[in-house]
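Engineer: quick one, structure for this:
(one chain, ligands or ions: 2)
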Amino acid sequence: MNKIQNYIDGKMLPPQSGLWLDNVEPATGKCYSLVPDSDSRDVGAAVKAARRAFPPWSSTHITERSAILHRIADVIESRLETFAQAESIDNGKPLWLSRSVDIPRCASNFRFFANLVTSTESQSHHSQGVVNYTLRKPLGPVACISPWNLPLYLFTWKIAPALAAGNTVIAKPSEVTPMTAFMLGELCAEAGLPDGVLNIVHGSGSRTGNALVDHDDIQAISFTGGTATGKHIASVTASKLKKISLELGGKNPNLIFADCDYELMLQTTLRSSFANQGQICLCGSRIYIQRSLYGKFREDFVARVKQLRVGDPNEPDSNQGAIVSQQHFEKVLGCIETAKREGGKVLCGGHQANLSGRCEHGWFIHPTVIEGLANDSQTNQQEIFGPVVSIAPFDDVDDAIEKANESQYGLAATIWTSDLTAAHRVADEVEAGIVWINCWLERDLRTPFGGMKQSGLGREGGMEAMRFWTEPKNVCIKF
Ligand SMILES: NC(=O)c1ccc[n+]([C@@H]2O[C@H](COP(=O)([O-])OP(=O)(O)OC[C@H]3O[C@@H](n4cnc5c(N)ncnc54)[C@H](O)[C@@H]3O)[C@@H](O)[C@H]2O)c1
Ligand SMILES: O=C/C=C/C=C(\O)C(=O)O
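Structural biologist: Ligands and ions are numbered 1, 2, ... in the order given. Now for the predicted structure:
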């Protein structure tokens, strides 16, 4: 059985504990490799390497740091197909999706921050006889912890700015989808990244994650994952005054007004509901439709959802691949049962998809649309993170805003209307860190990315990320 290794100080190493976890292909339900369940000894070795590598890396000229990050992007692009296949096998997502979205974005993450670090302005403040200038110093060894839904995409989204800013990194991918992070480690030396600058430690949250978050020499932690895990990290790091950035769960509203561009809205709403089997934190899972359009939308949307093909992730016409793990598959099916108990009417889907042949034992769920649930039902309040959406009517702008904001979460919201005045008002009043009007998942990497309320703390993206990964130091000179 293929064994994934930790990448520490430029070397591929097994876990000192000797403990391994199964790594399973969700489309087949079969274990196809083993992943280390690293403990504090492996984390300690990685932090030691990162400490040693910090002084030379942080003082490496930004043009050289930038060139190395560009070379990492070059190598990823040169192996796009290999990475895309590995990501699809590990996560269950359609191969066409990892090939067209996930892996190209990994390369873009490195390129974007490679460019940003060489074009960033510094601040100075001048007044009579005094000038202040502000240095931005890297923090030291820092930690990046990422989830399973967009494995290498979100892993590199954290690592690239941390490295560009001059930090050294200990990164932990999700133990559910570790393969492409392992492959990233394999190409670092080829791209010229010095040993110890990036260390990749694999394992479970309870063993590896806790050891990493707890380590006294870790100065800052960027975490993407569930809200409960984020709160745990916030509580254990508070007494040590570590800097944290938390990208957490969501229950995002779509607000569809009767005057929208109907066909564009319908096509995009299919994607924003079910892309990546609904396992994107930005997916809209509460769809509110203006009452006059509700009946037409319900009919057309359900008809289109029924056409989405659930199939082998390798097949180009599979719109929906597998759910990431048996545990998550069971959780999503459990949420559908809860919705039924709460009085929800399942309009389509609502159950497992049984495939034959290679995928006979895989974890597939038909995309599911539910109506008739109260806004305060568990289904409309708790994150499902799967191919399940609920639809409900609203009356006017005030009602739409009220329904959207009746949530503990505040990550993203999508508004569909041709009335720009209404759109601006809703965008202003909806409680979400990210608002899309007449589009979804349009990404400009310069923009602040993150959520409010229980969806997170801090922002990633562009200068927000560079500020997170550096400490300002003000120098005042009187002349
Ligand atoms: N806001 C965003 O940008 C965003 C993006 C993607 C996913 N998510 C959220 O992620 C969740 C799904 O991902 P998941 O199930 O992998 O989340 P998770 O919180 O279980 O795990 C995320 C990562 O944290 C690690 N981890 C778990 N316990 C830990 C601990 N005690 N200490 C340190 N690390 C620990 C895991 O091993 C994994 O690497 C969903 O709630 C989703 O909304 C949010
Ligand atoms: O599942 C969460 C998706 C996060 C997406 C990003 O962080 C991004 O597009 O930068």
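Engineer: which SS state does residue 35 fall under?
Structural biologist: Recorded secondary structure, residue 35: strand (DSSP: H, G, I helix; E, B strand; the rest coil).
Engineer: look up phi and psi at the closest residue to ligand 2 within the stretch 151-300 of the chain.
Structural biologist: Here the stretch 151-300 of the chain gets closest to ligand 2 at one residue, residue 281, 3.4 Å apart by CB to the nearest ligand atom. From N, CA and C alone the C-beta is placed, and that goes for glycine too. Dihedral pair for residue 281: phi -60, psi -20, per degrees, to the nearest 10.
Engineer: and the residue positioned nearest the centre of the chain, what's its pLDDT?
Structural biologist: The residue lying closest to the centre of the chain (CA atoms, centre = their mean) is residue 154, at 4.7 Å. pLDDT for residue 154: 98.
Engineer: tell me if residue 171 really is in a strand.
Structural biologist: Yes. Counting by three-state DSSP, residue 171 is found in a strand.
Engineer: who does the closest residue in space to it that isn't next to it in sequence bridge with?
Structural biologist: Nearest residue to residue 171, sequence neighbours excluded (CB to CB, 6 or more residues apart in numbering): residue 144, at 4.2 Å. Per DSSP bridges, the residues bridged to residue 144 are residue 171, residue 222.
Engineer: my read: residue 144 touches residue 159, true?
Structural biologist: Yes. Assessed by CB atoms under 8 Å, residue 144 is found in contact with residue 159 at 5.4 Å.
Engineer: anything in contact with each of those two?
Structural biologist: 169, 171 (CB atoms under 8 Å, 6 or more residues apart in numbering).
Engineer: is the one helix or strand residue 114 maps to anywhere near ligand 1?
Structural biologist: In this structure, residue 114 sits in helix 103-119 according to DSSP states H and E. No. Contact of helix 103-119 with ligand 1 (CB under 6 Å from any ligand atom) is absent, the minimum separation being 13.0 Å.
Engineer: grab the nearest non-local neighbour of residue 478.
Structural biologist: With CB to CB, 6+ apart as the criterion, residue 478 has its nearest non-adjacent residue at 5.2 Å, and that residue is residue 130.
Engineer: give me the beta-bridge partners of the one you found?
Structural biologist: Going by DSSP bridges, residue 130 is paired in beta bridges with residue 127, residue 478.
Engineer: ok, it to ligand 2 distance?
Structural biologist: Computed as CB to the nearest ligand atom, to the nearest Å, the residue 130 to ligand 2 distance reads 40 Å.
Engineer: which residue, neighbours along the chain excluded, lies closest to residue 178?
Structural biologist: Nearest one to residue 178, counting by CB to CB, 6+ apart, is residue 35 at 4.6 Å.
Engineer: does that neighbour touch residue 20 like I think?
Structural biologist: Yes. Residue 35 is in contact with residue 20 according to CB under 8 Å; the separation is 6.6 Å.
Engineer: so which of the two has more stuff around it?
Structural biologist: residue 35 (29 against 18; other CB atoms under 10 Å).
Engineer: kindly list the longest helix within the chain.
Structural biologist: Determined from DSSP state H, the single longest helix within the chain is helix 40-58.
Engineer: how far away is residue 375 from residue 164?
Structural biologist: 43 Å (CB to CB, to the nearest Å).
Engineer: of those two, give the one with the bigger neighbour count.
Structural biologist: Between residue 375 and residue 164, counted using other CB under 10 Å, the more crowded position is residue 164 (26 against 16).
Engineer: what residues are up against that one?
Structural biologist: 65-66, 69, 113-114, 116-117, 466, 469.
Engineer: let me know the closest of those residues to ligand 2.
Structural biologist: residue 113 (12.0 Å).
Engineer: thinking again about what came up before, thought the residue of the stretch 151-300 of the chain closest to ligand 2 was touching residue 149?
Structural biologist: Yes. Using CB under 8 Å, residue 281 is in contact with residue 149, at 7.2 Å.
Engineer: hey, where'd the strands end up in the stretch 201-350 of the chain?
Structural biologist: For the stretch 201-350 of the chain, applying DSSP state E, counting those that start in this stretch gives strands covering 220-224, 243-247, 252-256, 284-290, 345-348.
Engineer: wait, what's in contact with the closest residue to residue 352 other than its chain neighbours?
Structural biologist: Nearest-residue entry for residue 352: residue 365, 5.9 Å, with adjacent residues in sequence omitted and distances by CB to CB, 6+ apart. Shown in contact with residue 365 (CB under 8 Å, 6+ apart): 277, 310, 323, 329, 332-333, 349, 351-353, 386-388.
Engineer: export those residues to CSV and tack on pLDDT, distance to residue 451 and neighbour count?
Structural biologist: Below are the contacts of residue 365 laid out as CSV (pLDDT from 0 to 100; distance: CB to CB, whole Å; neighbours: other CB atoms under 10 Å):
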residue, pLDDT, distance to residue 451, neighbour count
277, 98, 21, 33
310, 98, 29, 23
323, 99, 23, 29
329, 98, 26, 22
332, 98, 21, 22
333, 98, 27, 19
349, 98, 27, 24
351, 98, 31, 11
352, 98, 31, 17
353, 98, 31, 19
386, 98, 19, 24
387, 99, 21, 29
388, 99, 20, 28
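Engineer: would you mind listing what in the stretch 251-400 of the chain touches ligand 1?
Structural biologist: Contact residues, the stretch 251-400 of the chain versus ligand 1 (CB under 6 Å from any ligand atom): 281, 383, 385.
Engineer: quick check on the last one: phi, psi?
Structural biologist: Just to be clear, that refers to residue 385. When quoted as degrees, to the nearest 10, the phi and psi of residue 385 stand at phi 60, psi 40.
Engineer: now do it, the pLDDT please.
Structural biologist: 98.
Engineer: that one: neighbour count?
Structural biologist: 25.
Engineer: show me what contacts it?
Structural biologist: 149, 249, 278-279, 281, 328, 332.
Engineer: can you pick the most crowded of the residues you listed?
Structural biologist: Counting by other CB under 10 Å, residue 281 has the largest number of neighbours within the contacts of residue 385, with 26 neighbours.
Engineer: residues contacting that residue?
Structural biologist: 149, 224, 247-250, 385, 411-412.
Engineer: take the residues you listed and write them to a markdown table, including distance to residue 371.
Structural biologist: A markdown table is the format used below for the contacts of residue 281 (distance: CB to CB, whole Å):
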| residue | distance to residue 371 |
| --- | --- |
| 149 | 26 |
| 224 | 31 |
| 247 | 30 |
| 248 | 27 |
| 249 | 23 |
| 250 | 21 |
| 385 | 20 |
| 411 | 23 |
| 412 | 22 |
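Engineer: do you know how far residue 401 is from residue 1?
Structural biologist: In terms of CB to CB, residue 401 sits 53 Å off from residue 1.
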